[in-house]
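Participant: mind folding the following:
(2 chains)
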Amino acid sequence: GENVEQHPSTLSVQEGDSAVIKCTYSDSASNYFPWYKQELGKGPQLIIDIRSNVGEKKDQRIAVTLNKTAKHFSLHITETQPEDSAVYFCAAIPGYSSASKIIFGSGTRLSIRP
Amino acid sequence: NAGVTQTPKFQVLKTGQSMTLQCAQDMNHEYMSWYRQDPGMGLRLIHYSVGAGITDQGEVPNGYNVSRSTTEDFPLRLLSAAPSQTSVYFCASSYSPEGGHEQYFGPGTRLTVT
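Facilitator: Residues are numbered from 1 along each chain as shown, chains lettered A, B, ... in the order given. Down below sits the predicted model:
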């Protein structure tokens, strides 16, 4: 089955700097890779996703890149702001199978220093 | 539109007690699921449902039961609580059982078993 590894587990960056979180996956059939943000005391919320026919996707200060050959994908946050402080989860899933097949990474706690 | 709601927010149980965690969604989503979140382990699927009357086991189903009598509700029952079930529980829903769609998470229930 699928296995998703996420690094680092904690990340502290200066406000205004960039943050990068990396994930690797094992199942070459995976073709949908969402990223979720979890703020303190709340449930995870989708912030961006990418499908395997795309190498990069951007949404304002957030971007995700995918390298299918190497089986890794990354979340990039530029010009970080205090509200970016949260736990971020990557996930992988064979996009055309059941949502029950989704596997989450272990999470990255991102702290933005003022 | 309330999205996904969960009750209670916090619960303390003694070993051997039973209880039901409630989950409801008002988005007419077919797919609903229960996850548990433990430190350093991401989100792990307990049970899921692809429609009213249909449920199935996820990665960590032991000690839990579910039912889905309506599209809106998906309660999770702990049969005989154990300290190993101390965790944060999230209910999620998605409009389709297919894997390539956003999952909407509830705010979570923090359960402590003593």
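Participant: can you show me the strands along chain B?
Facilitator: B:4-7, B:10-13, B:19-25, B:31-37, B:43-51, B:54-57, B:64-66, B:76-78, B:87-94, B:104-105, B:109-113 (DSSP state E).
Participant: possible to save those as CSV with distance to chain A?
Facilitator: (C-beta placed from N, C-alpha, C; glycine too.) Listed next are the strands of chain B as CSV, based on distance: least, C-beta to the nearest C-beta, whole Å:
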stretch, distance to chain A
strand B:4-7, 7
strand B:10-13, 11
strand B:19-25, 11
strand B:31-37, 5
strand B:43-51, 4
strand B:54-57, 7
strand B:64-66, 13
strand B:76-78, 15
strand B:87-94, 5
strand B:104-105, 3
strand B:109-113, 9
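Participant: and these: which comes nearest residue A:1?
Facilitator: Judged by C-beta to C-beta, the one of the strands of chain B that comes nearest to residue A:1 is strand B:43-51, at 11.9 Å.
Participant: got the buried residues for the closest one?
Facilitator: Buried residues in strand B:43-51, counted by 16 or more other C-beta atoms under 10 Å in any protein chain shown: B:43-50.
Participant: run through who's touching that strand.
Facilitator: A:44, A:89, A:98-100, A:102, A:104, B:30-38, B:55-61, B:64-66, B:68, B:71, B:74, B:76, B:89-90, B:97 (C-beta atoms under 8 Å, 6 or more residues apart in numbering or on different chains).
Participant: highest mean neighbour count out of the strands of chain B?
Facilitator: Comparing the strands of chain B by mean neighbour count (mean count of other C-beta atoms under 10 Å in any protein chain shown), strand B:31-37 comes out on top with a mean of 26.
Participant: how much does it deviate in direction from strand B:43-51?
Facilitator: 160 degrees (axes from the mean of the first three to the mean of the last three C-alpha atoms, to 10 degrees).
Participant: alpha carbons only: can I get strand B:31-37 in CSV?
Facilitator: Taking C-alpha atoms only, strand B:31-37 is exported to CSV below (Å, rounded to 0.1, in the frame of the first residue of the first chain):
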residue,chain,number,x,y,z
TYR,B,31,-18.9,10.1,1.4
MET,B,32,-18.3,10.4,5.1
SER,B,33,-15.4,9.2,7.2
TRP,B,34,-13.9,9.1,10.7
TYR,B,35,-10.2,9.7,11.4
ARG,B,36,-8.2,9.7,14.6
GLN,B,37,-5.3,12.0,15.0
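Participant: show me what it is packed up against.
Facilitator: Secondary-structure packing of strand B:31-37 (3 or more C-beta pairs under 8 Å, 6 or more residues apart in numbering or on different chains; DSSP states H and E): strand B:19-25, strand B:43-51, strand B:87-94.
Participant: what ranges does chain A have for its strands?
Facilitator: A:4-7, A:10-14, A:19-25, A:32-38, A:45-51, A:56-59, A:62-67, A:72-77, A:86-92, A:103-104, A:108-113.
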